[in-house]
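Enquirer: predicted model, plus sequence, below.
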Amino acid sequence: VLISASTSGNMARELVKRKMLLKDRVLILFGLIQSSPDVTVLCNLVADPRYSDKLPLVTEEYREPDCPMCKTGSTAVHFVGDQFLADAIQHVGIKITGRDIEDDSKAFLGRYRCRGALGLRQQSNNATAIDSYFVDVTKLKGSVFDDRVKAACNRHLAASTKLIVNADDPGSAQLALEIADNYAPEDVSKPVSAKDLSKIGVDSVHGSVLIVAGCIGSGGCLQSISRDLRDPAGDAPRTYLIGVAKHTQHPRHGSLRGDLVYSSTDHKHAVVLLEELTLPERHGPSAWEVEREALNGLVEPDSGADLGPDLIKAVLDRIDAIDGLQDSVNSFFWAAPDGTPLGLRKTFAFWDGEYDPADASHGDILFTIACVLENLRGGRSPRLRQTAFYHGFIAPSTFGRFNDGVIQSAFLRAAMPGELDYSGDEDASREMARLLKRIFNEWDRPRGEATAEFLISLMCGRMRLKGADLLDCLQGLDGAPPLILAFREGCAKLSQ
């Protein structure tokens, strides 16, 4: 059996094992195999100096969830037969305009922006920094949300309600208490937290149950409550009242609704949604997790970075700031090089109506851009997608059209890494490098206020350019503050 080439020898080993062949009857013509006593290789290139430094790149094998390159957004190259299909990939830059936001998302943001209600939190157990969008419904009081709560209770809150359960978070607790005080029958006791359902006796609830959740993502908390209600409430009618449902995929929430309304009787339970919003689900580490890892690498003793005490302190302060972003609505982005926090200016293309830019939080901007990008990924006409044959990325002109630093930063943070990968298209890489060079040349002016954010994105490998283009765009930072120059140095190492 002849095998043309192998970097691991595993195919030969499997043939020997499964087909009961002798080792010397399976011959690998060309190999790059570090340890090969159990396979026969005609020409092993492992000792060739031209290839020895690249061994870790080609000899390590990973399953997709564990692959370092997959985690940073690299597009998997499929092969059919003996042909790798990298050349078949179509690279398409997606030009984003003010029309690329879904109408429902635009209306939602129009109702609840500038209230300090939209932010991010660390939700996944394995996350090292903020990774999930959240809506703080406690900040929605005094808005049109109150009218929606009233209308939903007048229509769906049963007169036979005997138990109100909240989903065991501050927003759910406040919303449930408001409903109990203002709309529930007088004989209903104070709401019970989901974690205390086990204290309620078996078959002790003789009436309807209202379950209140302020904001949900996957809805797993409601499924847990549904399970825990089986003993105390049996088949009692249930109404699930949800303040804000953050969809990641509409079919998934359809499945959730189907689970919640199921009843062993002829009458289904009810699910009432006050607000819905389509936001992306977690795909690998968040931008802040990747940044945190890169910054930790900068201050490690063996990093090779020439940082003095002041720069080390600045990096450690930023790491502490990232760790303190839980449930935050601001401070997601680096300030301008002169220390000025990034803020919104008027005429934001995705917002209608009057607003005071000073009231807009970083969370408001991130939510908006996240909705835009998610609509382009999975809306009615999805264009921003990556497959084995199609690579859609954010066109460089987008960063010229939306030239507020805070908006540019939101695109950099909300995008998936593959959507900022220009390394596979010469024209796109060159165009992005030209735009970055103009930004970096004006690092001390309003046009360059997002300089640190662009450098962080490059240094972390989220934004990718061809090596020569990367070096070219980094030439325009002479005279910048030392921390900016340290980031430039970190970016330059990527081209080596």
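Expert: All right, it came through fine.
Enquirer: and the strands in this structure, which stretches?
Expert: For the chain, the strands defined by DSSP state E occupy 2-6, 27-31, 40-44, 79-80, 83-84, 90-94, 118-121, 132-135, 161-166, 192-193, 208-216, 238-247, 270-278, 390-394.
Enquirer: could you dump those strands to a markdown table with distance to C371?
Expert: For the C-beta atoms, the positions are set from N, CA and C on the backbone; glycine is no exception. Below are these laid out as a markdown table (distance: least, CB to CB, whole Å):
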| stretch | distance to C371 |
| --- | --- |
| strand 2-6 | 47 |
| strand 27-31 | 50 |
| strand 40-44 | 53 |
| strand 79-80 | 36 |
| strand 83-84 | 36 |
| strand 90-94 | 15 |
| strand 118-121 | 10 |
| strand 132-135 | 10 |
| strand 161-166 | 27 |
| strand 192-193 | 31 |
| strand 208-216 | 15 |
| strand 238-247 | 10 |
| strand 270-278 | 7 |
| strand 390-394 | 15 |
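Enquirer: nearest to L376, of the ones you listed?
Expert: With CB to CB, the closest approach to L376 among the strands of the chain belongs to strand 90-94: 6.3 Å.
Enquirer: for the record, mean pLDDT for the closest one?
Expert: Strand 90-94 comes out with an average pLDDT of 91.
Enquirer: helices or strands next to that strand in the packing?
Expert: strand 390-394 (3 or more CB pairs under 8 Å, 6 or more residues apart in numbering; DSSP states H and E).
Enquirer: what's next to the strand it packs on, contact-wise?
Expert: Contacts to strand 390-394, defined as CB atoms under 8 Å, 6 or more residues apart in numbering, come from residues 75, 89-94, 96, 383-386, 411, 415, 418-422, 424-425, 428.
Enquirer: can you tell me which of those are buried?
Expert: By neighbour count, with 16 or more other CB atoms under 10 Å, these hold 75, 89, 91, 93-94, 96, 384, 386, 411, 415, 418-422, 424-425, 428 as buried.
Enquirer: could you verify my assumption that E442 touches A450?
Expert: No: at 10.9 Å, E442 does not count as touching A450 under the criterion of CB atoms under 8 Å.
Enquirer: neighbour-wise, which of the two wins?
Expert: Taking other CB atoms under 10 Å, E442 and A450 do not tie; A450 has more neighbours (30 against 14).
Enquirer: how close does the closest residue to that one other than its chain neighbours get to P341?
Expert: Nearest non-adjacent residue to A450, counting by CB to CB, 6 or more residues apart in numbering: G405, 3.6 Å away. Distance of G405 to P341, given as CB to CB, to the nearest Å: 10 Å.
Enquirer: ok, now V46?
Expert: Distance from V46 to P341, by CB to CB: 53 Å.
Enquirer: could you pull out the helices for the stretch 301-450 of the chain?
Expert: 309-323, 362-378, 397-401, 405-414, 426-441 (DSSP state H, counting those that start in this stretch).
Enquirer: one step back: so for G405 and P341, which sits in the more crowded spot?
Expert: More neighbours surround G405 than the other of G405 and P341, with 28 against 14 (other CB under 10 Å).
Enquirer: report pLDDT for L57.
Expert: 56.
Enquirer: ok, now which ones touch the residue positioned nearest the centre of the chain?
Expert: The centroid of the chain falls nearest to R282 when counting by CA atoms, centre = their mean (4.5 Å). By CB under 8 Å, 6+ apart, the contact list for R282 reads 124, 127, 131-132.
Enquirer: can you redo the residues you listed as TSV with distance to K195?
Expert: Formatted as TSV, the contacts of R282 follow (distance: CB to CB, whole Å):
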residue	distance to K195
S124	20
A127	22
D131	24
S132	21
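Enquirer: check those and tell me the two furthest apart.
Expert: A127 and S132 (8.0 Å).
Enquirer: what is the end-to-end distance of stretch 183-192?
Expert: 16 Å (CA to CA, to the nearest Å).
Enquirer: from S226, how far off is the spatially closest residue to L316 that is not a sequence neighbour?
Expert: Spatial nearest neighbour of L316, excluding adjacent residues (CB to CB, 6+ apart): V299 at 6.5 Å. As judged by CB to CB, V299 and S226 stand 47 Å apart.
Enquirer: tell me which of these two has more neighbours.
Expert: Here V299 and S226 are compared on neighbour count by other CB under 10 Å; more neighbours surround S226, at 19 against 16.
Enquirer: next, the contact list for the residue nearest to L316, please.
Expert: 305, 307, 312, 315-316.
Enquirer: just say which of the strands of the chain is most tucked in.
Expert: Of all the strands of the chain, strand 208-216 has the most neighbours on average by mean count of other CB atoms under 10 Å, namely a mean of 25.
Enquirer: same question for that strand, mean pLDDT?
Expert: 95.
Enquirer: ok, it: who's next to it in the sheet?
Expert: Sheet pairing of strand 208-216 (DSSP bridges) gives strand 161-166 (parallel), strand 238-247 (parallel).
Enquirer: mean pLDDT for these: which is lowest?
Expert: Looking at the strands paired with strand 208-216, the bottom one is strand 238-247 with a mean of 93.
Enquirer: hang on, the earlier thing: of the helices of the stretch 301-450 of the chain, which is nearest S8?
Expert: Here helix 426-441 is closest among the helices of the stretch 301-450 of the chain (CB to CB), at 32.0 Å.
Enquirer: could you give me the buried positions within that closest one?
Expert: In helix 426-441, counting by 16+ other CB under 10 Å, buried: 428-433, 435-437, 439-441.
Enquirer: how about those in JSON lines, adding distance to R292 and pLDDT?
Expert: Formatted as JSON lines, these follow (distance: CB to CB, whole Å; pLDDT from 0 to 100):
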{"residue": "A428", "distance to R292": "28", "pLDDT": "96"}
{"residue": "S429", "distance to R292": "27", "pLDDT": "96"}
{"residue": "R430", "distance to R292": "31", "pLDDT": "96"}
{"residue": "E431", "distance to R292": "30", "pLDDT": "97"}
{"residue": "M432", "distance to R292": "25", "pLDDT": "97"}
{"residue": "A433", "distance to R292": "27", "pLDDT": "97"}
{"residue": "L435", "distance to R292": "27", "pLDDT": "97"}
{"residue": "L436", "distance to R292": "23", "pLDDT": "97"}
{"residue": "K437", "distance to R292": "28", "pLDDT": "96"}
{"residue": "I439", "distance to R292": "24", "pLDDT": "96"}
{"residue": "F440", "distance to R292": "24", "pLDDT": "96"}
{"residue": "N441", "distance to R292": "29", "pLDDT": "95"}
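Enquirer: what residues are up against P481?
Expert: P337.
Enquirer: now render the helices of the stretch 301-450 of the chain as JSON lines, adding distance to A294.
Expert: Converted to JSON lines, these look like this (distance: least, CB to CB, whole Å):
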{"stretch": "helix 309-323", "distance to A294": "10"}
{"stretch": "helix 362-378", "distance to A294": "20"}
{"stretch": "helix 397-401", "distance to A294": "21"}
{"stretch": "helix 405-414", "distance to A294": "14"}
{"stretch": "helix 426-441", "distance to A294": "18"}
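Enquirer: of the ones you listed, which approaches D187 most closely?
Expert: Using CB to CB, the nearest of those to D187 is helix 362-378, at 40.3 Å.
Enquirer: any idea how far that closest one is from the middle of the chain?
Expert: 11 Å (CA atoms, centre = their mean, to the nearest Å).
Enquirer: give me the mean pLDDT for it.
Expert: pLDDT averaged over helix 362-378 gives 95.
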